[in-house]
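Engineer: Output the structure for:
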Amino acid sequence: CGDFWGRTIQPDENTKRFFATSKVKQYRYTKNDKDISVLAVQCGKNIHEIHPASHCLRTSLWTVHSETILHLQERFAVTEIDAQKGSSRILVWVWYSSETLSTPGFLGFRRHFDPDGNYHTFQISIPHNGDIEDGREALKEFVQSLRSSKK
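Structural biologist: Now for the predicted structure:
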């Protein structure tokens, strides 16, 4: 994926059980000192398997410092979440899409969800030490490398 080196991570049994009707894939990418985690879910027929990322973080005992919509370009935005658990801090970007829809918001996704549709949710995250802008730039570079590799 561009200059990023990546590998597939096998989802653990809890993840497989949670996404029982969905197809879940996990990856790790690195470039220099950047470490990016990717969760890609092809949603199944059960909408209850998909939750807002901030909800999942909070139930896993992360403190969510901020949750905002970030417009990366025309017609593409993500929900950006800054979260912390102990001394670990992460920046997460999440978005939902189908062949005709891309939305940063869970409610928009939920409103348009059709069990027979082809819906996906993507979460990418990077650890950061309080320098959100550095993490944001790394995630922007990663997303751009994904777009470039699709051409």
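
Engineer: hey, let's count contacts and neighbours off CA atoms from now on
Structural biologist: OK.

Engineer: Which strand or helix spans residue 68?
Structural biologist: strand 63-73 (DSSP states H and E).

Engineer: which stretch of helix or strand covers the most centrally placed residue in the chain?
Structural biologist: Centroid-nearest residue in the chain, with CA atoms, centre = their mean: residue 123, separated by 0.7 Å. Per DSSP H and E, residue 123 falls inside strand 120-127.

Engineer: who does that strand pair up with?
Structural biologist: strand 34-42 (antiparallel), strand 88-97 (antiparallel) (DSSP bridges).

Engineer: Residue 132 contacts residue 92, correct?
Structural biologist: No. Applying CA atoms under 8 Å as the test, residue 132 and residue 92 come out as separate, 10.4 Å apart.

Engineer: Which one's more surrounded, these two?
Structural biologist: Neighbour totals were compared for residue 132 and residue 92, and residue 92 leads with 25 against 16 (other CA atoms under 10 Å).

Engineer: residue contacts, that one?
Structural biologist: The neighbourhood of residue 92, defined by CA atoms under 8 Å, 6 or more residues apart in numbering, consists of 79-83, 123-126.

Engineer: Now stretch 12-31: average pLDDT?
Structural biologist: Here stretch 12-31 scores 91 as its mean pLDDT.

Engineer: again, but for stretch 131-145
Structural biologist: On average, stretch 131-145 scores 92.

Engineer: Going forward, the N-terminal residue is numbered 28.
Structural biologist: Fine by me, first position is 28 from now on; the one you just mentioned is stretch 158-172.

Engineer: Show me the contact partners of that stretch.
Structural biologist: 28-31, 61, 63, 99, 109, 118, 151-155.

Engineer: Check which residues of that stretch are buried.
Structural biologist: By 16 or more other CA atoms under 10 Å, the buried positions in stretch 158-172 come out as 159, 162-163, 165-166, 169-170.
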